[in-house]
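Undergrad: Need a 3D model of the sequence below.
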Amino acid sequence: LESQIEVIQPIMDDNSTYSIKGDYLAMANSTAFMLVNLSNPSQSLFQLIVDNPNQIEFISNDRVVVLQDGDVSFYDYSGQLVSGVAIPEFEEVTLIETSGDRIAMVFASNPDTVHIGVIGSEGLISTKLNATANQIEDEMLADIGKTVDIDNASILEISIYEEYIAAVVDVNATTRMVLLNTSSGDNFIVSDPKFAAIDPHMDFGILMFSAYQNIDPVNASSEKYTDMEIMIHELETNLTKPLTADSLNQWGPVVLENHFVYQQLNEDGTISVEVQEKEPTLQQYSSTVLKIGVILIIILVFINLLQRQKEVNKTSHHGSVPES
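TA: Model prediction:
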């Protein structure tokens, strides 16, 4: 651990960006970019001079991609420039996200469109995201002075999983979580279109994101609606439900295979990392107690029915008149 800190600490500052894949950690501050194998962190695999890079991501099994000054560069694990995905000339890239051999990008020239490229393939697949909601919901935002501007919508965040892309789309009045199926081309809003949503993360068939539960959280009538909650959207069923519902602020969700993880601002001002099981299981003792309890309830119900039947029979017997 000490050797890891010695390598990482000098390069990390308030402007740092980083990405982790397996045993590899790529990180950069305003001037230096380096790759470290965490199994041997005392030596970096390479270190390069950079100028305030915006993002660093791993792509494919042997490349790191860096977004800097609107341009995207691809490096191998020795720090050499390598081929990647061709960007149209004069385009300025504002956002990237990778998954496997794919990279999703947003260009400054059309900020509401996702461009997808694949390592080793030519050309890009471009899809304009539609963050249009019901007119009634837009009018509710307008009533408090927030104007929806679809024509100038822009993508702020992206998450990729299999054929899905989740994107935070800024429509001026609020931000909306839009889900795109790249296979069918369908896209729709998965968050409440009136409430701001951010922090998308997808994996294992789940989209997690953070969202407010009030149109105007600053002026909400209750503290319960001034903070962000964690939402879950199941990709298979297209159902969205809350994971949290309290007065604490939660953000930064991550989907793991068996757990949901997110950060939380506690009442005492401390920040904690919360971990929840996707499908909580009963311990053996609790399961046994539950089974015994269920059996006892069935027996008690049966006895109660017998007693009621006897009472009915007695009432029927005493109320009868013998024939003369």
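Undergrad: going forward, measure contacts and count neighbours with C-alpha atoms only.
TA: Noted.
Undergrad: Pull the number of nearby residues for residue 144.
TA: 11 (other Cα atoms under 10 Å).
Undergrad: Now do the same for it: helix, strand or coil?
TA: When the structure is split into helix, strand and coil by DSSP: H, G, I helix; E, B strand; the rest coil, residue 144 lands in coil.
Undergrad: shift numbering so it begins at 860
TA: Sure thing, new numbering starts at 860, so read that last one as residue 1003.
Undergrad: That one and residue 1027, how far apart?
TA: 22 Å (Cα to Cα, to the nearest Å).
Undergrad: what pLDDT, on average, does the helix or strand residue 995 falls within get?
TA: In this assignment (DSSP states H and E), residue 995 forms part of helix 994-1001. Taken as a whole, helix 994-1001 carries a mean pLDDT of 95.
Undergrad: Output the helix or strand just after that helix as CSV, nothing but the C-alphas.
TA: Note on helix 994-1001: by DSSP H and E, the next helix or strand toward the C-terminus is strand 1013-1020. The C-alpha atoms that make up strand 1013-1020 are tabulated as CSV, following Å, rounded to 0.1, in the frame of the first residue of the first chain:
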residue,chain,number,x,y,z
SER,A,1013,-26.7,18.9,-24.9
ILE,A,1014,-25.4,15.6,-23.6
LEU,A,1015,-23.4,15.9,-20.3
GLU,A,1016,-22.7,12.3,-19.2
ILE,A,1017,-22.7,8.9,-20.9
SER,A,1018,-22.7,5.3,-19.7
ILE,A,1019,-22.4,2.2,-22.1
TYR,A,1020,-23.5,-1.3,-21.5
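Undergrad: Give the buried residues for strand 1013-1020.
TA: Of the residues in strand 1013-1020, those with enough neighbours to count as buried (16 or more other Cα atoms under 10 Å) are 1013, 1014, 1015, 1016, 1017, 1018, 1019, 1020.
Undergrad: hang on, isn't the last one packed against residue 1065?
TA: The one in question is residue 1020. No. In terms of Cα atoms under 8 Å, residue 1020 does not count as a neighbour of residue 1065; the distance is 9.1 Å.
Undergrad: Taking the centroid of the chain, which residue is nearest it?
TA: The residue lying closest to the centre of the chain (Cα atoms, centre = their mean) is residue 1060, at 2.6 Å.
Undergrad: Residue 1123 versus that one, what's the distance?
TA: Relative to residue 1123, residue 1060 is positioned 16 Å away (Cα to Cα).
Undergrad: nearest residue to residue 885 other than its sequence neighbours?
TA: Nearest residue to residue 885 in three dimensions, chain neighbours excluded: residue 894, at 4.5 Å (Cα to Cα, 6 or more residues apart in numbering).
Undergrad: And the contacts of the helix or strand containing that neighbour?
TA: Here residue 894 sits within strand 891-896, counting by DSSP H and E. With contacts defined as Cα atoms under 8 Å, 6 or more residues apart in numbering, strand 891-896 is touched by 870, 882-887, 902-910, 936.
Undergrad: For it, which strands pair with it and how are they oriented?
TA: Applying DSSP bridges, strand 891-896 is found paired with strand 883-887 (antiparallel), strand 903-908 (antiparallel).
Undergrad: Only C-alpha atoms, please: export the first one in PDB.
TA: Extracted C-alpha coordinates of strand 883-887, given in PDB (Å, rounded to 0.1, in the frame of the first residue of the first chain):
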ATOM      1  CA  TYR A 883      -4.100  -1.200 -14.600                       C
ATOM      2  CA  LEU A 884      -4.600   2.300 -13.400                       C
ATOM      3  CA  ALA A 885      -4.300   5.200 -15.900                       C
ATOM      4  CA  MET A 886      -4.200   8.700 -14.300                       C
ATOM      5  CA  ALA A 887      -3.300  12.200 -15.100                       C
END
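Undergrad: so how far is that strand off the chain centroid?
TA: A distance of 22 Å separates the C-alpha centroid of strand 883-887 from that of its chain, computed with Cα atoms, centre = their mean, to the nearest Å.
Undergrad: What's the mean pLDDT across that strand?
TA: Averaging pLDDT along strand 883-887 yields 92.
Undergrad: Touching it from outside, list them.
TA: With Cα under 8 Å, 6+ apart as the test, strand 883-887 has contacts from 870-871, 875-879, 892-897, 912, 915-916, 923.
Undergrad: No more questions from me, cheers.
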